[in-house]
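# please find the sequence and the predicted model below.
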Amino acid sequence: MSFTPTPSQMPAWVLPWPRQARSRSIIPVFLPFRGCAARCIFCAQDVQTGLAGQSAGRYGRPAPSLAHILTKTGELLRARAARALPPAELAFYGGTFTAMPDKEQDVCLAFAAEMLAQGRISAFRCSTRPDCVAGGVLARLRAAGCETVELGVQSFADAALAACRRGYDGAAAAEACGRVKAAGLRLGVQLLPGMPGVSPAIFLADVSRALGVGADMLRFYPCLVLEGTELARIWRGGGYQPWSLETTLESLARGWLAARAAHRPVIRMGLAPEPELARAVLAGPLDPALGARIMGRALLAAVREAARGELLSRLEAPRACQGHFWGNRGELRPAWAALGLAPSNVSYADRQDLRLWRTTAPNERGDLRLQKRRDV
């Protein structure tokens, strides 16, 4: 005997909510400031990567040699292999890889080739600036086994780029993205929401443009005021005000949803927590739970949009959402309650979609509507 669900037993809305595919393990090789012709007004790569004191001339300490950095990385990769861990992806971060002296690039590429030949890594990637991918540099990277180039675009808005003295405009950034794609490489785009000249609206336009030029993945790094940077001097003089944490959470949630709609992952939101970073932050939206809090708000925004003001009687979410559904320390419970949801009528399942049930059947609900709330 077959069972036919009644309308009230059927979900009113089913929203695809696929879990982001797990990426390969990445082994970073941090090269703070190497290849950088000038220091950006917001940049403090040494404290951002936990390597304070290891960049040339910082605190009077000599920078570690490239040979030393690669030797340590090789030891780590050999240790992984000894534990029978699968090959990782090597990543050259923290500087402008394609602007390093040719000799240093050769050393890095030779190291990557050796690790590839030994099966220690499956591929490698690097980060660089949009104005440092001219000529045959991209073809050279691909021939050496590079799969992904991440461009520190920061923004496509000309005024914001000028305010931060980036040295290129939005058209040049978009052209660089096209070059990476044309070279047969995967494209990562790093954006800096909240940097001088970037409003929430401009950030969302930046996300749209990054997706439009073919980004395979995005990173969102909310702008922080770090001690020792030019931005810190500007901030102290009253010339810059960072985004509030609430503005950051709401804006990045919308950016994350835009990327999800385009089936492109946001692989990082916020800088990795480091003791040196925490000590260096003077102002800005620093939060160790930033990513989870953004995901919670994105989920809430998607459900609000689907329900369009109707009260819900039940929600079933993918189990992967359980950790961030109610927000940090339950901060989103009032917003969910306004939609009719509480822990008693929210459940989780091993599925890849969100299922929503309305409070009443369509022919019974009359004028039951929920005034849309924009506050969280």
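That came through, no problem.
# so what's the residue count around residue 125?
22 (other CB atoms under 10 Å). C-beta here means a position set from N, CA and C on the backbone, and glycine is covered the same way.
# make 8 the first number, not 1, from now on.
With the count now opening at 8, the last piece we talked about shows up as residue 132.
# partners of it in the sheet?
Under DSSP bridges, the beta-bridge partners of residue 132 are residue 98, residue 155.
# could you pull up the residues touching it?
Under the criterion of CB atoms under 8 Å, 6 or more residues apart in numbering, the neighbours of residue 132 are 33, 96-99, 153-157, 193, 195.
# again, 7 Å this time
Residue 132 is in contact with 96, 98, 153-157, counting by CB atoms under 7 Å, 6 or more residues apart in numbering.
# between all of the residues you listed, which two are separated the most?
When the contacts of residue 132 are compared pair by pair using CB to CB, the farthest-apart members prove to be 96 and 156, with a separation of 13.0 Å.
# just to be sure, residue 278 is in a strand?
No. With DSSP: H, G, I helix; E, B strand; the rest coil as the criterion, residue 278 is coil rather than part of a strand.
# could you measure from residue 108 over to residue 23?
48 Å (CB to CB, to the nearest Å).
# quick one: which of the two has more around it?
residue 108 (11 against 8).
# which of the helices or strands spans the closest residue to that one other than its chain neighbours?
By the measure of CB to CB, 6 or more residues apart in numbering, the closest residue to residue 108 outside its immediate chain neighbours is residue 42, 7.9 Å from it. Secondary structure from DSSP states H and E places residue 42 outside every helix and strand.
# what about residue 42, how many neighbours?
Under the neighbour criterion other CB under 10 Å, residue 42 is assigned a count of 19.
# related to what we said a few turns ago, ok, residue 96 and residue 156, which is more surrounded?
Comparing residue 96 with residue 156 by other CB under 10 Å, the one with more neighbours is residue 156, at 26 against 17.
# packing partners of the helix or strand containing residue 157?
In this structure, residue 157 sits in strand 153-161 according to DSSP H and E. Of the remaining helices and strands, those touching strand 153-161 by 3 or more CB pairs under 7 Å, 6 or more residues apart in numbering; DSSP states H and E are strand 128-135, helix 177-189, strand 193-198.
# could the ones you listed go into TSV alongside mean pLDDT and distance to residue 286?
Formatted as TSV, the entries for the helices and strands packed on strand 153-161 read as follows, by pLDDT from 0 to 100; distance: least, CB to CB, whole Å:
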stretch	mean pLDDT	distance to residue 286
strand 128-135	96	24
helix 177-189	98	32
strand 193-198	98	24
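# so where's this protein uncertain?
Within the chain, the stretches falling below the threshold (pLDDT under 70) are 8-15, 28, 52-70, 368-383.
# run through the strands of the stretch 258-383 of the chain in chain order.
Listed in chain order, the strands found in the stretch 258-383 of the chain under DSSP state E, counting those that start in this stretch are 273-276, 288-290, 319-325, 353-356, 360-365.
# in the second one, what counts as buried?
By neighbour count, with 16 or more other CB atoms under 10 Å as the criterion, the buried positions of strand 288-290 are 288-290.
# repeat for the third one
Using 16+ other CB under 10 Å as the test for burial, strand 319-325 gives 319, 321-325.
# the helices in the stretch 8-157 of the chain, which residues?
Along the stretch 8-157 of the chain, the segments classed as helices by DSSP state H, counting those that start in this stretch run 52-55, 73-89, 109-124, 144-150.
# what packs against the second one?
Counting contacts by 3+ CB pairs under 7 Å, 6+ apart, helix 73-89 is packed against strand 33-37, helix 109-124.
# count of neighbours near residue 44?
Neighbour count for residue 44, taken as other CB under 10 Å: 10.
# same check on residue 190?
18.
# what does residue 341 give?
12.
# so residue 183 makes contact with residue 159?
No. Under the criterion of CB atoms under 7 Å, residue 183 makes no contact with residue 159, lying 10.3 Å away.
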